[in-house]
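S.K.: structural data only, the sequence is not supplied:
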């Protein structure tokens, strides 16, 4: 529940993409790229007054869509959503001296440079590599438990655990391929959003088809062989966390739905793959075990399930995730200080604390609705995303203030641009979070870091905005 007396307008998502995604079934890509971009990117630099903003939005979105028969049954609801977003923009621009924050211009240089490189990259799926230790076939994703090592007393026997210490001899080819796939598709989709140039969408679709459609190269829609342990398990429920890197892939599919390069047939084939995988996640013992995990694994299951459910229109799963977020994660996992004890007790408490709050931010960003805003929800004890950000923000801004033990590995590689700062800065109207996000590293090559930051492409999630000077 929200606190009494709060200015709720400041917490409405300042994001015109809410409107775009809601109308995605009715709004068709326009005849040219610039018109397509105008359908969901609106310039809110000027003027400032809400009535003028509202008139501008009507002129730029609603009226052209009606004139071109792009809206069928949802104009009133879409209009209401747009109005909520306009209130958010008004709140965001109240401070006349607030510095400009233009996510498009911040992201454009890095996205366009990376997209240019990815235009020539060929798909690499799970079929490109296979491990002799895998009990699965060529189309099955395989990974091994990170912290499991050969036993010095029995080198050929079952592996033993060393928490926080990654076995560098593990098979990681499938993980690397999936992270690469996610990065390529999300970057190309971001470039398409920025330019409307179909060459970016076309290249993204090429990779999507390789992973989910083409019989020779596609991945099976399950994780039966994830995070195996030699001599103990051929696969485990904890392996489900490896597909957090499909979250931005699924979001990209939603945004590419009406792009000409993604045919209706291929779009439905990709959706069918995600529908099958979501069914596996919600019925197989491994999926259910991960869903019920009491640490970051359960939270990451929900982040995945939420975006997959949005793609395949499974409102039951989305409702389950919202309920779990409010009645379990904020009551069981988070304390009233905003910290997550299960992560603080690990051998890498800093990295795990960032990982779990980013996953919580992912759920809030994906599953929130205008009538059920997970960003502003609070328990009776005051636990919520605002409290979680209050806890972690000082240590993102200045890691030297971290009062807990240092991580046993990768301490020097954190922090990087954390999605919780960006999403929370927008949703909770906190300019200090946005400024801190801008100062952090946007790109990083350390595998451990890339693996634990699955939401790396802001333009898939946050609409363009620029508060008045």
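M.R.: Everything's here; your move. All values derive from a computational prediction rather than experimental measurement. Residues are numbered from 1 along each chain as shown.
S.K.: low-confidence bits of this protein, can you list those?
M.R.: 1-99, 464-469 (pLDDT under 70).
S.K.: where is the longest helix in it?
M.R.: helix 173-195 (DSSP state H).
S.K.: all helices in the stretch 51-200 of the chain, in order from the N-terminus.
M.R.: For the stretch 51-200 of the chain, helices defined by DSSP state H, counting those that start in this stretch occupy the ranges 63-67, 75-92, 103-118, 173-195, 198-212.
S.K.: out of those, which one sits most buried?
M.R.: Highest mean neighbour count of the helices of the stretch 51-200 of the chain: helix 173-195, a mean of 23 (counted as mean count of other C-beta atoms under 10 Å). (Each C-beta comes from the backbone N, C-alpha and C, glycine too.)
S.K.: what about that helix, distance to the chain center?
M.R.: With C-alpha atoms, centre = their mean, to the nearest Å as the basis, helix 173-195 stands 12 Å off its chain's centre.
S.K.: who are the packing partners of it?
M.R.: Judged by 3 or more C-beta pairs under 8 Å, 6 or more residues apart in numbering; DSSP states H and E, the packing partners of helix 173-195 are helix 103-118, strand 142-144, helix 198-212, helix 247-256, helix 447-451.
S.K.: would JSON lines of the ones you listed with distance to residue 431 be doable?
M.R.: Converted to JSON lines, these look like this (distance: least, C-beta to C-beta, whole Å):
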{"stretch": "helix 103-118", "distance to residue 431": "13"}
{"stretch": "strand 142-144", "distance to residue 431": "40"}
{"stretch": "helix 198-212", "distance to residue 431": "31"}
{"stretch": "helix 247-256", "distance to residue 431": "25"}
{"stretch": "helix 447-451", "distance to residue 431": "26"}
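S.K.: nearest to residue 366, of these?
M.R.: Closest of the helices and strands packed on helix 173-195 to residue 366 is helix 247-256, at 7.9 Å (criterion: C-beta to C-beta).
S.K.: what's the first helix or strand after the closest one?
M.R.: Moving toward the C-terminus from helix 247-256, the first helix or strand encountered (DSSP states H and E) is helix 264-283.
S.K.: next up, phi/psi of residue 368, please.
M.R.: phi -70, psi 150 (degrees, to the nearest 10).
S.K.: quick check: closest non-adjacent residue to it.
M.R.: Among residues not flanking residue 368 along the chain, residue 374 sits closest, at 4.6 Å (C-beta to C-beta, 6 or more residues apart in numbering).
S.K.: same thing with residue 149?
M.R.: residue 167 is the one closest to residue 149 (C-beta to C-beta, 6+ apart), at 5.1 Å.
S.K.: could you do residue 115 as well?
M.R.: residue 191 (3.6 Å).
S.K.: how near is that neighbour to residue 246?
M.R.: Distance from residue 191 to residue 246, counting by C-beta to C-beta, to the nearest Å: 20 Å.
S.K.: for residue 304, same thing?
M.R.: Distance of residue 304 to residue 246, given as C-beta to C-beta: 7 Å.
S.K.: of those two, which one has the most company?
M.R.: residue 304 (29 against 24; other C-beta atoms under 10 Å).
S.K.: what's the angle from the helix or strand hosting the more buried one to helix 247-256?
M.R.: Taking DSSP H and E as the definition, one finds residue 304 inside helix 296-312. Angle of helix 296-312 versus helix 247-256, following axes from the mean of the first three to the mean of the last three C-alpha atoms, to 10 degrees, is 20 degrees.
S.K.: helix 296-312 packs against which elements?
M.R.: For helix 296-312, the packing partners by 3+ C-beta pairs under 8 Å, 6+ apart are helix 247-256, helix 264-283, helix 285-291, helix 315-324, helix 349-367.
S.K.: how about the ones you listed in JSON lines, adding mean neighbour count?
M.R.: Output for the helices and strands packed on helix 296-312, formatted as JSON lines (neighbours: other C-beta atoms under 10 Å):
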{"stretch": "helix 247-256", "mean neighbour count": "24"}
{"stretch": "helix 264-283", "mean neighbour count": "17"}
{"stretch": "helix 285-291", "mean neighbour count": "18"}
{"stretch": "helix 315-324", "mean neighbour count": "17"}
{"stretch": "helix 349-367", "mean neighbour count": "25"}
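S.K.: next, format the ones you listed as a markdown table and append distance to residue 116.
M.R.: As requested, those are exported to a markdown table (distance: least, C-beta to C-beta, whole Å):
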| stretch | distance to residue 116 |
| --- | --- |
| helix 247-256 | 18 |
| helix 264-283 | 24 |
| helix 285-291 | 37 |
| helix 315-324 | 36 |
| helix 349-367 | 28 |
